[in-house]
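**Student:** Pasting the sequence and the predicted coordinates here, then a few questions.
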Amino acid sequence: MSSEHARIGDTLPMAVANMTFLVNRLGNDCAPLQFVRELTQNAIEAITQTDAPGGEIVWDVEWNHFILSDGVMKLCCIDTGAGMDGPEMVKHINQLSSSIHEQSATGNFGVGAKISAGPRNPHGLVYMSWKNGIGHMIHLWLDPEENVYGLKRWPQNNGEFWTPVSSDLKPKQIDEHGTVVVLLGKSDEDNTIEAPPGTAMRSRWILRYLNTRYYAFPDGIKVQAREGWENPRTDTKHNFLRQVEGQGPWLDRNSDSKGMVDLSNAIAHWWILKESADRDSGHNAPGGHIAALYQNELYEMTLRSSGGIAKLQMFGVIFGSDRVVIYVEPSADAGHEVTANTARTQLLIDNDTIDWSAWASEFRAQLPEEVRALQEEIGSHSGDRSYKQKILDRLKDIRDILRFSRVRPSATGVMPYDEDAKLAGGESSPSEATRTGHREAGNKGGKSGDIYALFAEASQTLGDQVETNDAPDVKWVKVEDGSRVPPDLNDRAARFHLAQNLLMINADFRVFTDMVDRWVSAYGHVPGSESTIREVVHEWFEQQLTEAVMSAKALKRTGRWSIDELSILWNEESLTATVLPRWHIDQSIRRNLGQRLGTLKAA
């Protein structure tokens, strides 16, 4: 016996003791609509196994079941792929990690459809497949008595776990070969073509999901999805199959300009949508989003309602973000593996999550001229002036408490540069025992809690005192001039982008507008006072937010705050809380308006 055979024979292969738990646990990791992607991808790969130049994939009501069950609708996926016979279906469908396609880290895992669809359809998935004109069927389900996933036995076929199936159940799309997967849900009465709870665009949810999941489909493959199924079948105007094409073709048709930017190990594809583009049909994801593109699929798409605009602003698209779309396509090479997690919910590069901030920094540095022109066009509409210099002049008086100064290392300096000496609250000076690395047993406290901290050397570099001006740039944005697009910053005061040192303030926020209204009412006797009042109100709230950001950044020097911890201090919620106390701001506004418009007492 060869050494290889001996090694194989001497190893007991690992098995799964509780397959039901594993399937359910993996299924919980899947997105609610992931099963649509998995079954569609299986159908695409089945079609590529044929000699035909193309094929069809149709998401529809299983109309035979509808008729035989007196109106219960079950969702099905039809493809014109290679098809399988009975034993092949038993082999590939009833094993968790098995596939008729080649399995690989960058290809088919052989687990997707089972773990994403099985737990959501414990009553069963019925596979009907035709190969060389002959049909076979299996029924994968969760046995309610044994509580195990597996195939139903067919007593009428000598107890096999597959059975021949009549061609009467073959859909019109299938001729000699193809497959139908019927999703039975949780019971006989479960209507599985209805959208799962919380799904967007419930009347056309499959169309919407596939269009936003796929960038494009392979040439020659036609994909369709049923919409309007609740209407009579004779109402072909509202109950019909609509073609699914993916985001790519839609973006190409509806864009004024598009292009690519080379990044490190990636390509950023960008589009600027036409103003006339229909962004509310629900068929596709509208402008104002970012995604990762890999093998014609879209991952980690962030739409306008879920942070897409904030991420676009990271990429330098501050204004007009609702008209911009960016897809970053990582490059796979010998040094960088690109794949997805098992549930296909996240893209991984070298087994790590995407570093969006690195891509954003590179894209900003190479901002396409067309994107830059869009920023300038929309940004020029904003009439808010800059109050930055006024604010800095005021803050000079309190620079010591805001810590605008720091020590810069210098060979000729005379001030000791010791970050530990500047810690808020201070620390006791170490004893001689601590400095030499010796302590009495039981004497706890200070840095001795971590023995390795004894070997951390404090910097004693000499330095010069220098002034730093790290006040953020400020942009006031509002819906009226197009510089803010709802729902971005809805009912939030501001957002701060550290990488760009940019503070975006929402001029539509109720705290600011209410303060403007308060003083416009008070100075109703002064014609044309509203613009002056708005300037003064914005100036003082801008100072409040600027101080909050600068003070938070100053905490970094204490050595007690990481960047991640600091980001909590300047997130949208924290900046909103910053402007909620208004008594002192109101007093400052009163004094300033009194100087510019006259005091109310005099009036």
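**Tutor:** Good, I have the coordinates.
**Student:** separation between residue 200 and residue 95?
**Tutor:** Applying C-beta to C-beta, to the nearest Å, the value for residue 200 to residue 95 is 34 Å. Yep, even glycine has a C-beta here, placed from its N, CA and C like the rest.
**Student:** what's around residue 344, how many residues?
**Tutor:** 22 (other C-beta atoms under 10 Å).
**Student:** I'd say it and residue 37 touch.
**Tutor:** Yes - assessed by C-beta atoms under 8 Å, residue 344 is found in contact with residue 37 at 6.4 Å.
**Student:** Give me the common contacts of the two.
**Tutor:** By the contact definition C-beta atoms under 8 Å, 6 or more residues apart in numbering, residue 344 and residue 37 are jointly contacted by residue 112.
**Student:** quick one: the closest residue to residue 303 other than its chain neighbours from residue 327, how far?
**Tutor:** Nearest non-adjacent residue to residue 303, counting by C-beta to C-beta, 6 or more residues apart in numbering: residue 289, 4.8 Å away. Separation of residue 289 from residue 327 (C-beta to C-beta): 9 Å.
**Student:** Over to residue 337?
**Tutor:** As for residue 337, its distance to residue 327 is 20 Å (criterion: C-beta to C-beta).
**Student:** quick one, which of the two is more surrounded?
**Tutor:** residue 327 (23 against 14).
**Student:** Is it correct that residue 272 is in contact with residue 321?
**Tutor:** No - here residue 272 lies out of contact with residue 321, judged by C-beta under 8 Å, at a distance of 10.6 Å.
**Student:** With neighbour numbers in mind, choose between those two.
**Tutor:** Neighbour comparison, residue 272 and residue 321: the larger count goes to residue 321, with 28 against 22 (by other C-beta under 10 Å).
**Student:** What values do phi and psi take at the more buried one?
**Tutor:** phi -70, psi -20 (degrees, to the nearest 10).
**Student:** Contacts only, for it.
**Tutor:** With C-beta under 8 Å, 6+ apart as the criterion, the residues that contact residue 321 are 287, 288, 308, 309, 312, 313, 485, 488.
**Student:** Least confident of these?
**Tutor:** Minimum pLDDT across the contacts of residue 321 is recorded for residue 308, with 82.
**Student:** okay, now it: neighbour count?
**Tutor:** Residue 308 has 25 neighbours, counted by other C-beta under 10 Å.
**Student:** Tell me how far it lies from residue 475.
**Tutor:** Residue 308 is 18 Å from residue 475, where distance means C-beta to C-beta.
**Student:** Distance from the host helix or strand of residue 257 to the middle of the chain?
**Tutor:** Using DSSP states H and E, residue 257 sits within strand 255-263. Its chain's C-alpha centre and that of strand 255-263 lie 21 Å apart, by C-alpha atoms, centre = their mean, to the nearest Å.
**Student:** could you list every residue that touches the closest residue in space to residue 218 that isn't next to it in sequence?
**Tutor:** Distance criterion C-beta to C-beta, 6+ apart; nearest residue to residue 218, sequence neighbours excluded, is residue 44 at 6.4 Å. Contact analysis of residue 44 by C-beta under 8 Å, 6+ apart lists 57, 79, 217, 218, 221.
**Student:** ok, residue 244 touching residue 221?
**Tutor:** No - shown here, residue 244 and residue 221 do not form a contact pair, counting by C-beta under 8 Å, at 10.2 Å.
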